[in-house]
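In: Got a predicted model here, sequence first, then my questions.
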Amino acid sequence: MVQRPSAALLARLKDLLGPAGTVESEADKAPYLTDWRRRYRGDTPLVLRPGTTAEVQAVVGLCAAAGVALVPQGGNTGLVGGGTPFEHGAELLLSLTRLNRIRAVDPIDDTLVAEAGVTLAGVQAAAAAVDRLYPVSLASQGSCTIGGNVATNAGGIHVLRYGMTREQVLGLEVVLPDGRLWNGLRSLRKDNTGYDLKQLFIGSEGTLGVVTAACLRLWPRPAERVVALAAVPDVAAGLALFGRLRAAAGQTLSACEIFSERGLQFVLAFLAGSRRPLETVAPWYVLLEVLGDHALHDTVETVLAAAFEAGEACDGTIAESEAQAMALWALREHLSDAQTPQGASLKHDVALPLAALGGFVAQALAAVEAAAPGVRPVVFGHLGDGNLHFNLTQPPGLDGAAFLARTDELALVVHDIVHAHGGSIAAEHGLGRLKIDAIDRYHDPVERSLMAALKQALDPGDLMNPGKLVRPA
Ligand code: FAD
Ligand code: ZN
């Protein structure tokens, strides 16, 4: 049963947070009520914007006592509708963006404590200011927040070398669904004092509590970066090139991304000033980045030459300046945005064992073409992690709404093939509202029921982002 907030509760919350801490007018609420892709549009009587952990605690405590549900939200860049309230309008939206202080930077311990609302770019800059690297990097980094990154276990382009957000988190501060504060803000590398509770909240998409701060690991800042792009005939050749460079560059290989020729065409049409990076038009392009201290350029050059010899690459370029490196990365980073002007699109964020990637792509491309003739697949992603964004743009000239109406049907086509190859239907964006039902078809029922039991234990009233990721047991 959905409990609507009473007028008395709303008045108390407004009193508690003051004018800077609430948003009530329809126009001002609007940006909080739709997701980045404009796929969902929800409603809420009040947006809550606490400025401190104590205020978050007070808000959660009041809502818990009244049986009113909360939807935590950070930068609102999530891609699965996790931060958007439902249309019924009974939930309160809890925006964490005013919790935006860097509490501590420690270059001896190599740690940084950031509040939930600090943007990812803000954390990167704070790390750089002490000559350290915070390695998580996403195209949304100017807007997405550390709280959102933790809640979604964000991945991005450097997972290959540094791991996902989970690998960066040493400690968390969390307001629990009943309003208690768990101060797990430790900075220890080693701490075997029982269950590692922070892991529960990483990737929980706001369903188990509100992350208010995180202690993050910092890394040495590499002195040099080498960025290269290679044209390859197929995914298998791309993987061979990846294996070759990993063998030669070892740990310094930091990103290995792939995109298709159609993706490149969309970006060239979309991004002002962009140019085709190679003379050769090929089915696929692999973008490589090596981060380290010396002689990396020679390593990349030798590997590319060997790959041409072996027929794995048919053309390639190494960026000779930072501007060229940024131009190559811009092609990769705008793939998602570049789909928008082409019409309606369906997105599938999938992961596969590396050995299964080539077979998956061939089979899935044939299956979606058979199911939706004329569909324009835009396939790209993090090749080295086995994570593809298997996106489908509508056939040109057809009705976009009719294409979107086939969302579940086409997702089933793609996801069944992913599952048959031992993959995951949610690699880095999470389940949110989009995949809460789809996952039941693929996940081990024991695993699903364990998750439901955890949800039940921590949030028995189902008040923390209900209807996302998992339902209580
Ligand atoms: P929101 O979108 O506001 O929320 C996301 C989820 O986290 C929701 O379920 C919300 O309830 C919950 N949440 C947010 N803050 C908190 C909190 N403090 N406590 C508890 N729960 C909370 N993702 C990747 O992993 N890799 C990519 O490469 C990548 N690229 C992207 C590129 C673009 C252009 C865009 C738009 C998105 C991309 N994303 C990517 C997705 C998105 O940026 C990440 O999921 C990001 O971590 C979301 O952060 P946010 O602050 O915007 O969270
Ligand atoms: Zn991605």
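Out: Yep, it's here. Numbers count the residues shown, from 1 in each chain. Ligands and ions are numbered 1, 2, ... in the order given.

In: ok, the residue in the stretch 301-450 of the chain that ligand 1 sits nearest to to His421 distance?
Out: Residue of the stretch 301-450 of the chain nearest ligand 1, by C-beta to the nearest ligand atom: Glu428 (3.6 Å). Placement of C-beta: from N, CA and C, glycine included. According to C-beta to C-beta, to the nearest Å, Glu428 and His421 sit 18 Å apart.

In: Which one of the two is surrounded by more residues?
Out: In this view Glu428 and His421 are compared by other C-beta atoms under 10 Å, and Glu428 has more residues nearby, 24 against 17.

In: is it fair to say the more buried one lies in a strand?
Out: No. With DSSP: H, G, I helix; E, B strand; the rest coil as the criterion, Glu428 is assigned coil and is not in a strand.

In: so how many other residues sit close to the residue nearest to it when sequence neighbours are not counted?
Out: Nearest residue to Glu428, sequence neighbours excluded (C-beta to C-beta, 6 or more residues apart in numbering): Gly155, at 3.5 Å. Residues lying near Gly155 (other C-beta under 10 Å) number 25.

In: Thought His389 was touching Gly155, still the case?
Out: No. When contacts are counted by C-beta atoms under 8 Å, Gly155 is not listed as touching His389 (11.0 Å).

In: for ligand 1, what are the nearby residues on this protein?
Out: 36, 71-79, 82-83, 96, 116, 138-140, 144-145, 147-149, 151-152, 154-156, 205-206, 210-211, 336, 428-429, 432, 465, 468 (C-beta under 6 Å from any ligand atom).

In: The nearest residue to Gly292 once chain neighbours are set aside and Asn192, how far apart?
Out: Counting by C-beta to C-beta, 6+ apart, Gly292 lies nearest to Thr252, which is 3.7 Å off, once chain neighbours are set aside. In this view, Thr252 and Asn192 are 31 Å apart by C-beta to C-beta.

In: neighbour-wise, which of the two wins?
Out: Set side by side, Thr252 and Asn192 show more neighbours around Thr252, with 21 against 6, by other C-beta under 10 Å.

In: Just list the residues touching the residue nearest to Gly292, thanks.
Out: Arg161, Pro222, Val290, Leu291, Gly292, Leu296 (C-beta atoms under 8 Å, 6 or more residues apart in numbering).

In: what are the ranges of the helices in the stretch 251-400 of the chain?
Out: 261-270, 296-309, 322-333, 335-339, 357-371, 400-404 (DSSP state H, counting those that start in this stretch).

In: Give me the neighbour count for the spatially closest residue to Leu398 that is not a sequence neighbour.
Out: With sequence-adjacent residues excluded and distances taken as C-beta to C-beta, 6+ apart, Leu398 is closest to Gly374, at 7.2 Å. By the measure other C-beta under 10 Å, the count of residues near Gly374 is 10.

In: Quick one: distance of the host helix or strand of Phe242 to the chain centre.
Out: Take DSSP states H and E as the rule and Phe242 turns out to sit in helix 235-249. Here helix 235-249 shows a centroid-to-chain-centroid distance of 25 Å under the convention C-alpha atoms, centre = their mean, to the nearest Å.

In: Could you do stretch 389-405 as well?
Out: On C-alpha atoms, centre = their mean, the centre of stretch 389-405 falls 23 Å from the chain's centre.

In: Start and end of that stretch, how far apart?
Out: Using C-alpha to C-alpha, to the nearest Å, one end of stretch 389-405 lies 20 Å from the other.

In: For stretch 334-342, list every residue counted as buried.
Out: His334, Leu335, Ser336, Ala338, Gln339, Gln342 (16 or more other C-beta atoms under 10 Å).

In: picking that back up, name the SS class of the residue nearest to Glu428, please.
Out: Put simply, Gly155 is coil when judged by three-state DSSP.

In: Let me see the contact set for it.
Out: Counted by C-beta under 8 Å, 6+ apart, Gly155 has contacts Leu138, Met164, Thr165, His382, Asp385, Asn387, Ala427, Glu428.

In: do Glu261 as well
Out: By C-beta under 8 Å, 6+ apart, the neighbours of Glu261 are Val281, Ala282, Pro283, Trp284, Tyr285.

In: Show me which residues of the host helix or strand of Cys63 are buried.
Out: According to DSSP H and E, Cys63 maps onto helix 53-66. Neighbour counts over helix 53-66 (16+ other C-beta under 10 Å) mark Thr53, Glu55, Val56, Gln57, Ala58, Val59, Val60, Gly61, Leu62, Cys63, Ala64, Ala66 as buried.

In: ok, how many other residues are close to the nearest residue to Glu369 once chain neighbours are set aside?
Out: What sits nearest to Glu369 in space, not counting adjacent residues and going by C-beta to C-beta, 6+ apart, is Val375, at 6.3 Å. Applying other C-beta under 10 Å, we find 20 residues neighbouring Val375.

In: Asp109 now?
Out: Neighbours of Asp109 using other C-beta under 10 Å come to 15.

In: show me the contacts for the residue lying closest to it once chain neighbours are set aside.
Out: Nearest non-adjacent residue to Asp109, counting by C-beta to C-beta, 6+ apart: Ser187, 5.6 Å away. Counting by C-beta under 8 Å, 6+ apart, Ser187 touches Asp106, Asp109, Thr111, Val113, Leu170, Gly171, Cys215.

In: who touches the nearest residue to Leu352 once chain neighbours are set aside in this structure?
Out: Excluding the flanking residues, the one nearest Leu352 by C-beta to C-beta, 6+ apart is Gly423, at 3.9 Å. Applying C-beta under 8 Å, 6+ apart to Gly423 gives the contacts Val350, Ala351, Leu352, Pro353, Ala356, Phe360, Gly386.

In: Quick check, Ala427 in contact with Val418.
Out: No. Ala427 lies out of contact with Val418 (C-beta under 8 Å); the separation is 9.5 Å.

In: Now do the shared contacts for these two.
Out: In contact with both Ala427 and Val418: Val350, using C-beta under 8 Å, 6+ apart.

In: And for Ala295, the neighbour number?
Out: Counted with other C-beta under 10 Å, Ala295 comes out at 10.

In: Please tell me how far it sits from ligand 1.
Out: 29 Å (C-beta to the nearest ligand atom, to the nearest Å).

In: Next, give phi and psi for that residue.
Out: Backbone geometry at Ala295, expressed as degrees, to the nearest 10, gives phi 60, psi 20.

In: Let's see stretch 92-110 as PDB, backbone CA atoms only.
Out: Output in PDB follows, covering the C-alpha atoms of stretch 92-110 (Å, rounded to 0.1, in the frame of the first residue of the first chain):
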ATOM      1  CA  LEU A  92       9.300  12.000  -1.700                       C
ATOM      2  CA  LEU A  93      12.400  12.700  -3.800                       C
ATOM      3  CA  LEU A  94      15.600  12.900  -1.700                       C
ATOM      4  CA  SER A  95      18.200  14.800  -3.700                       C
ATOM      5  CA  LEU A  96      21.700  14.500  -2.200                       C
ATOM      6  CA  THR A  97      23.400  17.200  -4.400                       C
ATOM      7  CA  ARG A  98      23.800  19.700  -1.500                       C
ATOM      8  CA  LEU A  99      26.000  17.300   0.400                       C
ATOM      9  CA  ASN A 100      28.900  18.500  -1.700                       C
ATOM     10  CA  ARG A 101      31.900  18.800   0.500                       C
ATOM     11  CA  ILE A 102      35.200  17.100   0.200                       C
ATOM     12  CA  ARG A 103      35.800  16.300   3.900                       C
ATOM     13  CA  ALA A 104      39.400  15.100   3.800                       C
ATOM     14  CA  VAL A 105      42.200  14.300   1.400                       C
ATOM     15  CA  ASP A 106      45.100  12.300   2.700                       C
ATOM     16  CA  PRO A 107      48.100  11.800   0.300                       C
ATOM     17  CA  ILE A 108      49.900   9.600   2.800                       C
ATOM     18  CA  ASP A 109      47.100   7.100   3.200                       C
ATOM     19  CA  ASP A 110      46.100   7.800  -0.500                       C
END
